[in-house]
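K.L.:
What follows is a predicted structure for the sequence shown.
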Amino acid sequence: MLKWIAAALLALPAAAYAQSVVITADRMLDVASGRYVEEPVIVVTDGRIAAVVGRGGGRPTIPAGATRIDLPGMTLLPGLIDMHVHLASTPLINGYDRLEYTDAFWATLGVPNARAMLEAGFTTVRSVGADDFADVAIRQGIDRGYYPGPRVIASGPSFGPTGGHCDTNDLPPSLRFRNGEQGVNGPDEARRQVRTNRRYGAQLIKVCATGGVFSTNTEPGAQQMGEDELRAVVSEAHMLGMRVAAHAHGTDGIKAAIRAGVDTIEHASFLDAEAIRMAVAGGTWLSMDIYNTEYTLSEGERNGVRPENLEKERQVGTRQRESFRASVRGGARHVFGTDAGVYPHGTGARQFRVMVEFGMTPIQAIRAATTNAAEALDRASDVGAIAVGRYGDLVAVRGDPLADPRVLENVAMVIKGGAIAADRRAVAAQ
């Protein structure tokens with residue numbers, strides 16, 4: 001295949017050497033057009049894509065000494081992006097069992113969790129909530145090369161009002177937190193928390209506008225942050241160049257968050273027609289974790305999830321999938337977000353199948369995890385497509401993801417910045 005590549009590599013002088021990698025495969029998915037490029041040749045230099053050429057497109061400039069990664073029989077896609085993960089979390093520890101572990105324990109989970117996400121093809125993730133800035137610490141370890149993982153955009157601790165979903169509501173009044181009140185109340189406190197999170201390394205802000213499934217004494221459909229508080233968060237964060245994600249299951253909370261100008265709505269379970277129209281008009285992204293309900297309802301009781309939380313999941317899961325279908329039909333913009341940590345890290349690609357089942361085409365689901373996610377992150381110049389100037393982040397799969405998105409559940413190779421991050425060809429071939 002492409003014998004001229006080998007000739008070009010041999011012909012160039014040694015002085016032209018750079019830290020370059022040449023990647024070839026049978027075809028590559030151009031996620032923007034939704035079409036395949038046959039026999040692609042991708043040159044990655046110093047971690048970024050320097051050239052992309054398909055069959056009949058001419059010969060790229062290939063520095064001498066470049067490493068080759070030839071993937072015959074494979075289809076290449078951009079590295080995948082999960083917009084809703086919790087790296088410092090596990091579905092295996094729930095309820096009061098969490099009190100058996102030290103505060104520092106949760107950050108240690110990030111090392112295997114980050115590796116699992118990367119090996120599953122997710123080369124970029126957005127962490128939306130981690131106590132004690134554990135996700136910032138995980139990002140620092142990855143960026144400094146202490147252990148492997150995806151590119152992490154970290155929020156640090158998510159926050160909301162006293163007694164809300166982001167507060168700790170299952171302890172008696174006699175216990176006090178060493179850092180004082182957990183909730184934020186009023187626009188001034190909300191602004192201060194944005195600044196505090198930024199101070200300690202957060203790159204985005206996550207707030208809890210409604211109750212949630214896994215919290216105590218909250219109802220997922222109930223609004224818990226006022227629009228004035230949400231507006232304060234958004235204005236402060238945007239002034240600092242940060243984007244805002246709002247946990248919002250309930251209809252009123254979703255609408256308040258959209259009016260306040262948040263960038264992404266997380267979960268978006270109880271959408272009505274007006275909320276969908278508002279999201280479309282405002283360009284608000286929806287991040288809807290419609291896969292993980294299967295794991296929670298099948299494994300939650302065994303993992304120690306309390307009955308009240310399982311009941312809330314039953315109420316929310318079906319309604320969320322109905323909302324997903326309606327929002328796709330209504331033209332809302334979606335990103336791929338799974339809530340990894342509620343289910344095991346590294347298995348999130350199973351959501352592609354569910355997204356297609358509930359109304360998306362395969363290319364729409366793939367774009368949610370590539371071009372859409374990159375735009376929502378404000379990192380479209382870095383990730384989300386196989387294009388010149390972007391990071392050399394790619395995944396290789398056997399089969400046709402446009403015909404069967406389940407092939408994304410079993411990636412054969414993951415490349416991050418032009419380097420092989422995971423080679424699973426032997427496993428993928430089985």
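P.N.:
Good, I have the coordinates.
K.L.:
what residue ranges in the stretch 201-350 of the chain score low on pLDDT?
P.N.:
For the stretch 201-350 of the chain, applying pLDDT under 70 flags no range at all.
K.L.:
And the strands in it, which stretches?
P.N.:
According to DSSP state E, counting those that start in this stretch, the stretch 201-350 of the chain carries its strands in the segments 204-208, 243-248, 264-267, 285-287, 333-335.
K.L.:
Quick check: which of the ones you listed is nearest to residue 77?
P.N.:
strand 333-335 (16.2 Å; C-beta to C-beta). C-beta coordinates here come from the backbone N, C-alpha and C atoms, glycine included.
K.L.:
hang on, isn't residue 130 packed against residue 166?
P.N.:
No - checked against C-beta atoms under 8 Å, the pair residue 130 and residue 166 is beyond contact range at 11.7 Å.
K.L.:
For those two, indicate the residue with more neighbours.
P.N.:
residue 130 (29 against 26; other C-beta atoms under 10 Å).
K.L.:
So for the more buried one, what's the nearest residue that isn't a sequence neighbour?
P.N.:
Closest residue in space to residue 130, ignoring its immediate chain neighbours: residue 88 at 4.3 Å, by C-beta to C-beta, 6 or more residues apart in numbering.
K.L.:
So the one you found versus residue 113, what's the distance?
P.N.:
Using C-beta to C-beta, to the nearest Å, residue 88 is found at 8 Å from residue 113.
K.L.:
Hmm, residue 154 and residue 139 touching each other?
P.N.:
Yes - Residue 139 lies in contact with residue 154 (C-beta under 8 Å); the separation is 5.0 Å.
K.L.:
okay, and the common contacts of the two?
P.N.:
Residues touching both residue 139 and residue 154 by C-beta atoms under 8 Å, 6 or more residues apart in numbering: 127, 201.
K.L.:
List the contacts of residue 45.
P.N.:
18-21, 63, 418.
K.L.:
Please pick the buried ones from these.
P.N.:
In the contacts of residue 45, burial by neighbour count holds for 20-21, 63, 418, counting by 16 or more other C-beta atoms under 10 Å.
K.L.:
For the residue nearest the centre of the chain, pull up the helix or strand it's in.
P.N.:
Nearest residue to the geometric centre of the chain (C-alpha atoms, centre = their mean): residue 82, 1.8 Å. Following DSSP states H and E, the helix or strand that holds residue 82 is strand 80-85.
K.L.:
now the helix or strand following that strand, how far from the chain's geometric center?
P.N.:
Using DSSP H and E, the next helix or strand after strand 80-85 towards the C-terminus is helix 105-108. Taking C-alpha atoms, centre = their mean, to the nearest Å, one finds helix 105-108 lying 20 Å from the centre of the chain it belongs to.
K.L.:
Could you list which residues are in contact with the nearest residue to residue 291 once chain neighbours are set aside?
P.N.:
Spatially, and ignoring its direct neighbours in sequence, residue 291 is nearest to residue 351 (3.6 Å; C-beta to C-beta, 6+ apart). Neighbour list for residue 351: 289-292, 336, 338 [criterion: C-beta under 8 Å, 6+ apart].
K.L.:
7 Å - rerun?
P.N.:
Counting by C-beta atoms under 7 Å, 6 or more residues apart in numbering, residue 351 makes contact with 290-291, 336, 338.
K.L.:
in a strand, that's where it is, yeah?
P.N.:
No - counting by DSSP: H, G, I helix; E, B strand; the rest coil, residue 351 falls outside a strand, being helix.
K.L.:
What separation do you get for it and residue 139?
P.N.:
From residue 351 over to residue 139 (counting by C-beta to C-beta), the distance is 23 Å.
K.L.:
about what we covered before: in terms of pLDDT, where does the residue nearest to the centre of the chain sit?
P.N.:
Here, the pLDDT recorded for residue 82 equals 98.
K.L.:
and the residue nearest to residue 202 when sequence neighbours are not counted, what is it in contact with?
P.N.:
Spatial nearest neighbour of residue 202, chain neighbours left out: residue 156 (3.9 Å); criterion: C-beta to C-beta, 6+ apart. Contact partners of residue 156, counting by C-beta under 7 Å, 6+ apart, are 130, 133, 135-136, 197, 200-202.
K.L.:
domains of the protein?
P.N.:
3-79+385-428, 80-377 (automatic domain parsing).
K.L.:
what's the first-to-last distance across the longest one?
P.N.:
Distance between the two ends of domain 80-377: 13 Å, counting by C-alpha to C-alpha, to the nearest Å.
K.L.:
chain center to it, what's the gap?
P.N.:
Average the C-alpha atoms of domain 80-377, do the same for its chain, and the two points are 10 Å apart (C-alpha atoms, centre = their mean).
K.L.:
What of the first one?
P.N.:
Going by C-alpha atoms, centre = their mean, the spacing between the C-alpha centre of domain 3-79+385-428 and its chain's C-alpha centre is 23 Å.
K.L.:
Quick check: mean pLDDT of it?
P.N.:
Domain 3-79+385-428 comes out at a mean pLDDT of 87.
K.L.:
Surely residue 111 touches residue 147?
P.N.:
Yes - contact criterion C-beta atoms under 7 Å: residue 111 and residue 147 qualify, at 5.2 Å.
K.L.:
The two: which has the busier surroundings?
P.N.:
residue 111 (17 against 13).
K.L.:
returning to that earlier point: deepest in the core, which of the domains of the chain is it.
P.N.:
Mean neighbour count (mean count of other C-beta atoms under 10 Å) peaks for domain 80-377 among the domains of the chain, with a mean of 21.
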